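[1] Provide a 3D model corresponding to the input given below.
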Amino acid sequence: MSLLRTLVAMIILTAVPAVAERINVAAGGADLADAIARAKAGDTIYLAAGRHAGPVYIDKPLVLTGATGAVIDGGGQGSVVTIDAPDVSLRNVMIIGSGRRHDPIEAGVTLTKSARRAQVVSNDLRGNLVGIDIHGARDARVAENRIEGLQLTRMNARGNGIYVWNAPGAVVENNEIRYGRDGIFSNVSRDNIYRGNLMRDLRFAVHYMYTNDSEVSGNVSIGNHLGFAMMYSDRLVARDNLSINDRDYGVMLNYTNKSDVFGNLVTGGAEKCAFVYNAHQNLLANNRFDGCAIGVHFTAGSERNTITGNAFIGNRTQVKYVGTRDVEWSYDGTGNYWSDHPAFDLNGDARADSRYRPNDVMDHILWSQPAAKLLLGAPAVQLVRWSQAQFPATLTGGVVDSHPLVTPPAHEVPQNFLLLAQAAPAWSRGPNSGPSDSLHQDNSDALTDPLTAD
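    Residues are numbered from 1 along each chain as shown. Down below sits the predicted model:
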């Protein structure tokens with residue numbers, strides 16, 4: 001009987017989970033690494049304000065958080081924090097001083113494939129090559145972080161704010177990312193959500209490569225080279241994003257198929273509001289393309305796309321499309337709004353009474369023969385344009401909107417984003433898009449002390 005009681009007691013004791021502890025870590029020295037080594041699964045490590053030596057390696061489920069002013073400094077060696085265990089939470093700390101190698105990637109935070117369900121929330125990452133590297137970690141959440149990348153003169157020498165590689169289920173939301181190369185670079189992944197992020201002074205705000213069945217929504221791109229680049233990816237949803245003062249393109253679809261692009265706004269003078277290259281069976285609906293040199297450029301055989309409900313406002317060239325047959329840009333009786341279409345709506349159905357063709361044969365000649373631009377103001381060119389307007393049968397193939405809208409869809413830009421857009425973007429400072437000389441030293445990279453920076 002006594003043996004039975006002993007066995008029952010042992011079973012009860014092993015069934016009761018250990019009580020999670022809080023381990024307080026004073027600033028200075030290598031106490032943080034020691035605390036992680038002696039912590040048990042489920043413990044919370046709490047950092048006092050001040051510097052804590054890194055790099056550190058987390059190989060068990062725990063919470064790492066800190067007081068205001070707590071900093072983990074990698075000292076320029078490797079990744080500052082490497083998470084190599086499931087269910088780890090990293091919160092409320094400043095992370096600085098990663099190494100500078102691209103291979104292997106050295107980052108402020110690295111999530112390995114073992115870091116399933118990691119939570120990286122409300123941290124401040126500055127002066128790292130890559131901000132956060134989600135490297136194979138399934139179902140990770142990266143949210144509400146502030147990431148400020150390097151400002152090297154050569155943009156390609158910088159790292160990305162958040163790099164997602166083969167990380168199904170990752171959610172990246174409500175982060176603020178500035179400087180570096182790309183805001184979010186997503187490569188060889190699927191089933192990801194990138195939403196509500198603010199990205200400034202970068203090459204691409206969001207850069208998709210071989211990422212399928214994913215969503216990019218409610219993000220804001222201000223003053224980047226390119227806003228939202230979706231490349232070699234299928235079945236994406238890109239909705240309700242803002243591109244303001246981006247230099248080259250607001251939205252790009254490059255070898256992207258069967259995707260929905262709707263409710264987005266591009267404004268502020270990009271070269272092309274949207275660029276669609278060899279992209280098929282996509283829906284472009286209810287977007288506003290405003291004030292670009294070219295509203296939308298379709299090329300390289302992009303076919304079977306549905307274009308409806310969009311607004312093309314004040315673009316120097318509304319559409320650039322060269323083709324030998326007519327391509328209808330309306331769907332189920334709903335076309336698009338064209339700010340340069342002088343049409344009436346006599347029956348009051350909110351549709352213009354005449355079709356709209358954004359391009360004529362002279363456009364095609366000028367695009368295919370750049371030297372012909374010298375004749376742009378010649379009377380012969382004006383005569384050709386007039387004759388096409390009077391005799392539509394002479395028109396070559398191209399975009400036709402049979403049901404143009406008479407009012408554009410509404411898109412409002414929050415005031416706080418308009419205020420941010422008033423600052424001159426980094427790309428305007430020089431051909432390499434680096435910061436002004438007073439703000440950087442190239443490879444020596446003297447950075448402002450993160451403890452005293454604004």
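[2] Distance check, S233 against H225.
    From S233 across to H225, the span is 19 Å (Cβ to Cβ, to the nearest Å). C-beta here means a position set from N, CA and C on the backbone, and glycine is covered the same way.
[3] ok, now A167?
    Distance from A167 to H225, by Cβ to Cβ: 25 Å.
[4] more crowded one of those two?
    A167 (30 against 23; other Cβ atoms under 10 Å).
[5] Am I right that the more buried one sits in a helix?
    No. Read with DSSP: H, G, I helix; E, B strand; the rest coil, A167 is coil and lies in no helix.
[6] pLDDT value on it, please?
    We have a pLDDT of 97 for A167.
[7] show me the contacts for it.
    By Cβ atoms under 8 Å, 6 or more residues apart in numbering, the contact set of A167 is L111, I134, H135, G136, A137, R138, A140, S189, N192.
[8] Find the nearest non-adjacent residue to it, please.
    Distances taken as Cβ to Cβ, 6 or more residues apart in numbering place I134 nearest to A167, at 4.5 Å, with adjacent residues excluded.
[9] For the one you found, pull up the helix or strand it's in.
    Using DSSP states H and E, I134 sits within strand 130-135.
[10] For beta bridges, what are the partners of S186?
    Using DSSP bridges, the beta-bridge partners of S186 come out as V164, Y208.
[11] do you know how far it is from V164?
    4 Å.
[12] Also S217?
    S217 is 16 Å from V164, by Cβ to Cβ.
[13] Least confident secondary structure element in this protein?
    Sorting the helices and strands of the chain by mean pLDDT, DSSP states H and E puts helix 361-368 at the bottom, at a mean of 49.
[14] circling back: just checking, what packs against whichever helix or strand comes after the strand holding I134?
    Remark: after strand 130-135, the chain's next helix or strand is strand 141-143, criterion DSSP H and E. Counting contacts by 3 or more Cβ pairs under 8 Å, 6 or more residues apart in numbering; DSSP states H and E, strand 141-143 is packed against strand 119-121, strand 171-173.
[15] Give me the pLDDT value at S330.
    Reported pLDDT for S330: 91.
[16] Give me the below-cutoff pLDDT ranges for the chain.
    1-18, 300, 323-324, 360-397, 430-454 (pLDDT under 70).
[17] what are the phi and psi angles of the spatially most central residue of it?
    Centroid-nearest residue in the chain, with Cα atoms, centre = their mean: V206, separated by 2.1 Å. The phi/psi pair for V206 (degrees, to the nearest 10) reads phi -120, psi 130.
[18] Would you mind measuring from it to N254?
    Counting by Cβ to Cβ - V206 and N254 are separated by 13 Å.
[19] Run through the bridge partners of the closest residue to A421 other than its chain neighbours.
    Nearest residue to A421, sequence neighbours excluded (Cβ to Cβ, 6+ apart): I244, at 4.6 Å. Here I244 sits in beta bridges with I222, T267, as judged by DSSP bridges.
[20] neighbours of I244, just the number please.
    For I244, using other Cβ under 10 Å, the count is 24.
[21] who's in contact with it?
    V220, S221, I222, G223, T267, G268, V413, F417, L418, A421.
[22] looking at it, the first one is touching N245, isn't it?
    Okay, so that is V220. No. With contacts counted by Cβ atoms under 8 Å, V220 stays clear of N245, the gap being 11.1 Å.
[23] does V216 sit in a helix, a strand or a coil?
    Going by three-state DSSP: V216 is strand.
[24] That one and Y208 touch, don't they?
    Yes. Under the criterion of Cβ under 8 Å, V216 makes contact with Y208 at 7.5 Å.
[25] Same drill for these two, tell me which one is more crowded.
    Taking other Cβ under 10 Å, V216 and Y208 do not tie; Y208 has more neighbours (30 against 27).
[26] how close does that one get to Y232?
    8 Å.
[27] Common neighbours of the two, please.
    T256.
[28] Between S217 and V164, tell me which one has more neighbours.
    V164 (29 against 17).
[29] Would you mind listing the buried residues in stretch 22-29?
    I23, V25, A27 (16 or more other Cβ atoms under 10 Å).
[30] should've said stretch 45-54
    In stretch 45-54, the ones that count as buried by 16+ other Cβ under 10 Å are I45, Y46, L47, R51, H52, A53, G54.
[31] Mind listing the strands whatever helix or strand the fifth one lives in pairs with, and their directions?
    Remark: H52 resides in strand 50-53, with elements defined by DSSP H and E. Applying DSSP bridges to the sheet, strand 50-53 is found paired with strand 70-73 (parallel).
[32] what's the offset of the strand it pairs with from the middle of its chain?
    Relative to the centre of its chain, strand 70-73 is centred 27 Å away, using Cα atoms, centre = their mean, to the nearest Å.
[33] neighbouring contacts of that strand?
    27, 32, 47-54, 56, 80-81, 92-97, 450-451.
[34] Out of these, list just those in strands.
    Taking DSSP state E as the definition of strands, the contacts of strand 70-73 contribute L47, G50, R51, H52, A53, V56, V81, M94, I95, I96.
[35] now those as JSON lines including distance to L64?
    Formatted as JSON lines, the ones in strands among the contacts of strand 70-73 follow (distance: Cβ to Cβ, whole Å):
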{"residue": "L47", "distance to L64": "8"}
{"residue": "G50", "distance to L64": "15"}
{"residue": "R51", "distance to L64": "15"}
{"residue": "H52", "distance to L64": "10"}
{"residue": "A53", "distance to L64": "14"}
{"residue": "V56", "distance to L64": "8"}
{"residue": "V81", "distance to L64": "8"}
{"residue": "M94", "distance to L64": "13"}
{"residue": "I95", "distance to L64": "10"}
{"residue": "I96", "distance to L64": "15"}
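[36] check contacts around the closest residue to D340 other than its chain neighbours.
    Closest residue to D340 apart from its sequence neighbours, by Cβ to Cβ, 6+ apart: Q318 at 6.6 Å. Counting by Cβ under 8 Å, 6+ apart, Q318 touches I294, G295, V296, F312, W338, D340, P358.
[37] can you pull the contacts of the second one?
    The one in question is G295. K272, C273, A274, F289, F312, N315, T317, Q318, V319.
[38] List just the nearest of those residues to V63.
    A274 (43.4 Å; Cβ to Cβ).
[39] What is the neighbour count of the closest one?
    Counted with other Cβ under 10 Å, A274 comes out at 28.
[40] With the one 10 residues further on instead?
    Per other Cβ under 10 Å, the neighbour tally for L284 reads 27.
[41] What residues are bridge-paired with it?
    V261, I307.
[42] check contacts around it.
    Contacts of L284 (Cβ under 8 Å, 6+ apart): V261, F262, A274, V276, V296, N305, T306, I307, T308, N310.
[43] Of these, just the buried ones, ChimeraX syntax please.
    To isolate the buried members of those in ChimeraX, using 16+ other Cβ under 10 Å:
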select :261,262,274,276,296,305,306,307,308,310
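[44] Specify which member of the contacts of L284 is nearest to N145.
    For these, with N145 as the reference and Cβ to Cβ as the criterion, the closest is V261, at 26.8 Å.
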